[in-house]
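[1] quick one: sequence and predicted model below, then my questions.
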Amino acid sequence: MGKNIVNSKEVTPTEVHGLFGGEGKFLRLPLYSDSDAPPFTVIAETEMAPGARAGLHIQPDQQELLYVLAGHGHFTIDGETSPVKPGDAILARAGANFGLANTGQGPLRYLVVKCRTS
């Protein structure tokens, strides 16, 4: 039987710099991977340092849901930028060109869920 309950406080974080060609430090706490929970390819809590940004990118065969847990930022999708805050759910459908930036004074924390579309 696989992992049915995973607590982010019990997961070893992975440090990433310049996600998708962006800049700054990210901590990713992987909860489930594609081998754990298909068709989901990533389920992870992510923390962006102040000033960090994930570069604009396209995922042609996956859609992505972000749920903001803490902090403030700007989400850009297909050339349109909107502010985001705790409680916001953000959907980037497959083929969209999108990125996220931390514009706040503290970390921007969010849950990311990626799913294959085919």
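    Received it, and whenever you're ready, just let me know what you need.
[2] what's the burial count for F26?
    Look at F26: counted by other C-beta atoms under 10 Å, it has 22 neighbours. All C-beta spots, glycine's among them, are computed from the backbone N, C-alpha and C.
[3] one more: L29?
    19.
[4] what's the pLDDT at it?
    Here, the pLDDT recorded for L29 equals 95.
[5] is it in a bridge, and if so with what?
    Note on L29: beta-bridge partners E45, judged by DSSP bridges.
[6] how far away is it from G79?
    The spacing between L29 and G79, counted by C-beta to C-beta, to the nearest Å, is 31 Å.
[7] this structure: strands as residue ranges?
    Here the chain has its strands, by DSSP state E, at 14-17, 25-33, 40-48, 53-58, 62-70, 73-77, 80-84, 89-92, 97-102, 108-116.
[8] helices or strands up against the fifth one?
    In this case it means strand 62-70. Judged by 3 or more C-beta pairs under 8 Å, 6 or more residues apart in numbering; DSSP states H and E, strand 62-70 is in contact with strand 89-92, strand 108-116.
[9] switch the cut-off to 10 Å
    For strand 62-70, the elements it packs on are strand 40-48, strand 73-77, strand 89-92, strand 97-102, strand 108-116, judged by 3 or more C-beta pairs under 10 Å, 6 or more residues apart in numbering; DSSP states H and E.
[10] can you pull the pLDDT of the closest residue to H57 other than its chain neighbours?
    Leaving aside its chain neighbours, H57 sits nearest to F20 (4.1 Å; criterion: C-beta to C-beta, 6 or more residues apart in numbering). Predicted confidence (pLDDT) at F20: the value is 92.
[11] got a list of what F20 touches?
    By C-beta atoms under 10 Å, 6 or more residues apart in numbering, the contact list for F20 reads R53, A54, G55, L56, H57, I58, Q59, F98, G99, L100.
[12] need the buried ones from those selected in ChimeraX.
    ChimeraX command restricting the contacts of F20 to the buried ones, with burial defined by 16 or more other C-beta atoms under 10 Å:
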select :53,54,56,59,98,99,100
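[13] how about TSV for the contacts of F20, with pLDDT and distance to G71 added?
    Compiled in TSV, those are given as follows (pLDDT from 0 to 100; distance: C-beta to C-beta, whole Å):
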residue	pLDDT	distance to G71
R53	97	13
A54	96	14
G55	96	18
L56	97	20
H57	96	21
I58	96	25
Q59	93	23
F98	98	18
G99	97	16
L100	98	11
